[in-house]
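Trainee: From the sequence below, what's the structure:
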Amino acid sequence: MSERKEAYARAGVNLDINAQVKAGLGAAVASTATSLVEAGFGSFGGALSLPGGYQEPVLVSSVDGVGTKLHLAIEWGRPEVAGRDVVNHGINDIGVLNARPLAFLDYIASSELEAATVLALVEGMAAACREAGVALIGGETAQMPDTYRAGAYDVAGTMIGIAERAALPDPARVQVGDRIVGVPAVGLHTNGYSLARVTAASLGPDEPVSEGTLADALLAPHPSYLAEMRAAFSIPGVRVIAHITGGGLEENVPRVLPEWAGARFDVDAWTPPPVFGVIARDQGVDPAEMYRVFNIGIGLAIVVAAEEEEALLRAIPGSFQAGRIIERDEPRVVLAGL
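Mentor: Numbering: from 1, shown residues only. Below is the predicted model:
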């Protein structure tokens, strides 16, 4: 048996380290347990009871990763941020469908497992899960020599939630003249980092940005908008919500609109976080391209009936009027003032 272990380790997979890593994750995972968990960490599969109170329950799920933001988390030693990012991104993606997040499963892969790194990743996930009432019910931790370079790792995860069928947002309710309310982004979230990393290499992590550094700005965790989405869907006039991720307003807003509809944004209505200006100046990026790549300061775009816009603005502190629904034209998303 020992010879077999040594041979496997020589091939690049250390089963002893794998066992140590899994043993160290128990407390973090257990801290996320909810009353719905039937089988979780250590089982072959996660099992979850469905909460009561739903007439026609619909399961809603989303899979995502962190993208090349991981390179900065690795280089600057902040794996816990990647853990938070992957959970919160999933919460937002199912939340725009008016779903309550219930459970999360993660995937972590590297060429060689480092116990401290994996624990930091999972502790970041667990913290985000606890804040949202989500159970971390399982995952995969893989050693894959020759697939990843030394010191690198990849992170992905699946968020599972539940929604009432009748409460799912319906794009058919969208009307010309509906307002678009923006919920502020804190920074890049998890998109556009292939470009942002060029600026990171050019200026370095300690470059001053607003009241912090470039490292602070680029590694700000992707926020959960769970509270904001719940507040929005409590207002009957809210039609649909778009989570603004890769592709910015131009690609994400049309995903929630009927085919006939377009959107017009007044880009002077909000002030993007300073980090976007740093990237644009450093790389000489045209404003139109910045809006195609990044969220440029809007984390959620909420379409609401005009007569209920004020109620929505009161319900979500910091939100702002960003635009309105128009009949579709080319381009489908108009960025007025750009």
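Trainee: Show me where this protein has its strands.
Mentor: 37-39, 47-48, 57-65, 100-110, 135-143, 153-164, 179-184, 208-209, 212-213, 238-243, 261-266, 298-304, 320-327, 333-336 (DSSP state E).
Trainee: Could you say which of those strands is packed most deeply?
Mentor: strand 298-304 (a mean of 26; mean count of other CB atoms under 10 Å). C-beta here means a position set from N, CA and C on the backbone, and glycine is covered the same way.
Trainee: what's the average pLDDT for it?
Mentor: Strand 298-304 carries an average pLDDT of 98.
Trainee: picking up where we left off before, okay, the strands of the chain in CSV with distance to Gly83 next?
Mentor: What follows is those, written out as CSV (distance: least, CB to CB, whole Å):
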stretch, distance to Gly83
strand 37-39, 19
strand 47-48, 21
strand 57-65, 12
strand 100-110, 8
strand 135-143, 10
strand 153-164, 7
strand 179-184, 23
strand 208-209, 23
strand 212-213, 21
strand 238-243, 19
strand 261-266, 32
strand 298-304, 19
strand 320-327, 30
strand 333-336, 32
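Trainee: For Arg10, which of those is the nearest?
Mentor: Arg10 lies closest to strand 135-143 among the strands of the chain, at 13.0 Å (CB to CB).
Trainee: which strands and helices sit next to the closest one?
Mentor: Packing partners of strand 135-143 (3 or more CB pairs under 8 Å, 6 or more residues apart in numbering; DSSP states H and E): helix 15-24, strand 37-39, strand 47-48, strand 100-110, helix 115-132.
Trainee: Check those for me: which has the lowest mean pLDDT.
Mentor: helix 15-24 (a mean of 79).
Trainee: that older thread, would you mind giving the helices and strands packed on strand 135-143 as CSV with distance to Val293 added?
Mentor: CSV is the format used below for the helices and strands packed on strand 135-143 (distance: least, CB to CB, whole Å):
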stretch, distance to Val293
helix 15-24, 36
strand 37-39, 39
strand 47-48, 37
strand 100-110, 26
helix 115-132, 25
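Trainee: what's the closest of the ones you listed to Thr68?
Mentor: So among those, strand 100-110 is nearest, using CB to CB, at 15.4 Å.
Trainee: Domain parsing of this protein, as residue ranges.
Mentor: Taking automatic domain parsing as the criterion, the chain consists of the domains 2-167, 171-336.
Trainee: about what we covered before: out of the strands of the chain, the one nearest Ser194 is which?
Mentor: Once those are compared by CB to CB, strand 57-65 is nearest, at 13.4 Å.
Trainee: From the centroid of the protein, which residue is nearest?
Mentor: His89 (1.7 Å; CA atoms, centre = their mean).
Trainee: Look up how far Ala39 lies from the closest residue to it other than its chain neighbours.
Mentor: Nearest residue to His89, sequence neighbours excluded (CB to CB, 6 or more residues apart in numbering): Asp64, at 4.9 Å. Per CB to CB, to the nearest Å, Asp64 is found 24 Å from Ala39.
Trainee: what's the answer for Thr141, then?
Mentor: Taking CB to CB, one finds Thr141 at 18 Å from Ala39.
Trainee: again with Ala128
Mentor: 22 Å.
Trainee: what is Val181 paired to in the beta sheet?
Mentor: Ile302, Gln321 (DSSP bridges).
Trainee: out of the helices and strands packed on strand 135-143, which comes closest to Val183?
Mentor: Per CB to CB, nearest to Val183 of these: helix 115-132, 16.5 Å.
Trainee: between the domains of the chain, which gets the lowest average pLDDT?
Mentor: domain 2-167 - the lowest mean pLDDT of those, at a mean of 92.
Trainee: So what's the gap between that domain and the chain middle?
Mentor: 14 Å (CA atoms, centre = their mean, to the nearest Å).
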